[in-house]
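>>> Generate a structure from the sequence data that follows.
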Amino acid sequence: MSSKKLNRTLLFLCLVSLATANQVYADCDDKRAAGVDWSGCKKTHKMLGKTNFSGGRFDDANLEYSSLDESNFNGASLVKADLTRATANRAQFYNSNLSKANGYRANFDQAKLQNSNLTKSEFSRASFKKAELSDIDWSKSELGRVDFTGARLSSVSFEFSNLSRVKFQDARLDNVNFKSAYTYRTRFEDVDLRKAVNLQQLHLKFACGNDNTRLPEGLQKPESWPCSE
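So this is what the prediction gives:
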């Protein structure tokens, strides 16, 4: 190859490299819209509510303290996204991927999550009051002190997840899988557990309930529940 052709080739590769770098940088400045790619972007303390983010990419994005209320994340990818103290009240997450996401103290009250992946995620102390959750894989996750009060859970898997001190009071649990879940002081007061899957007597030994807690056939209420406050 002649030196002239070599120089042209190198110039072309440099231009392509610069264009690609500029595009990656510009993505974080893109306006909020369906299909937006904010992967790795910092969007903390932002007002991002009532937005159609369907099909968007937020992998490794920092959304700490941001408001996502009533937004549409259907088909979106939020792998390893940081949702610490973010709010997503009444937001929608259908066919979404939140695996390894961090939602510490996030607020998802009345949110709707369906057919989504939340494996290996961290949502300790988050709130899902009156949320609707169906066909969710929430296995191998840290969910200590999550509040599911009044929520509706259907076909949710908590396999190998930490559910210590989680609140399920007045929640509806249909086909919820507790296989190898950690239920230390998990709150089952006023909960019908008859449709729970893989719930064991050992789970109940360390969990909390009351006279209105209903159990699957073959399981018995402990002589005394660990917590009564």
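>>> Torsion angles phi and psi at the closest residue to Arg214 other than its chain neighbours?
Take Arg214 and drop its neighbours on the chain: the residue closest to it by C-beta to C-beta, 6 or more residues apart in numbering is Asp192, 4.5 Å away. Bear in mind the C-beta positions are built from the backbone N, C-alpha and C, glycine included. When read as degrees, to the nearest 10, the backbone of Asp192 gives phi -90, psi 110.
>>> in this protein, which spans are strands?
Under the criterion DSSP state E, the chain contains strands at 92-94, 112-117, 132-137, 152-157, 172-174.
>>> Count the neighbours of the residue nearest to Arg214 for me.
Asp192 is flanked by 16 other residues according to other C-beta atoms under 10 Å.
>>> State the distance from it to Ala88.
For Asp192, the distance to Ala88 equals 27 Å [C-beta to C-beta, to the nearest Å].
>>> Report the contact partners of the residue lying closest to Thr119 once chain neighbours are set aside.
Nearest residue to Thr119, sequence neighbours excluded (C-beta to C-beta, 6+ apart): Ser99, at 4.8 Å. Counting by C-beta atoms under 8 Å, 6 or more residues apart in numbering, Ser99 makes contact with 79-80, 117-121.
>>> In terms of pLDDT, where does Ser99 sit?
pLDDT, Ser99: 98.
>>> what's around Ala34, how many residues?
Residues near Ala34, counting by other C-beta under 10 Å, number 14.
>>> isn't it right up against Phe73?
No - the pair Ala34 / Phe73 is not scored as a contact, 10.2 Å apart, by C-beta atoms under 8 Å.
>>> Next up, the contacts around Thr84.
Residues near Thr84 by C-beta under 8 Å, 6+ apart: 64-65, 102-106.
>>> hmm, back to that, if the residue nearest to Arg214 is in a bridge, with which residues?
Arg172, Arg214 (DSSP bridges).
>>> Kindly give the local confidence score, pLDDT, for it.
For Asp192, pLDDT reads 97.
>>> ok, back up a step: closest to Asn95 among the contacts of Ser99?
Set against Asn95, the nearest of the contacts of Ser99 by C-beta to C-beta is Asn117 (9.2 Å).
>>> Near the closest one, how many other residues are there?
Other residues near Asn117 come to 20 when the count uses other C-beta under 10 Å.
>>> what are the bridge partners for it, then?
Asn97, Asp137.
>>> surely it meets Asn97?
Yes - assessed by C-beta under 8 Å, Asn117 is found in contact with Asn97 at 4.8 Å.
>>> low-scoring stretches of the chain, by residue?
For the chain, the stretches flagged by pLDDT under 70 are 1-26, 228-229.
>>> what are the phi and psi values for Trp96?
One thing to correct before we go on: residue 96 is Ser, not Trp. phi -110, psi 160.
>>> Many thanks, I have nothing further to ask.
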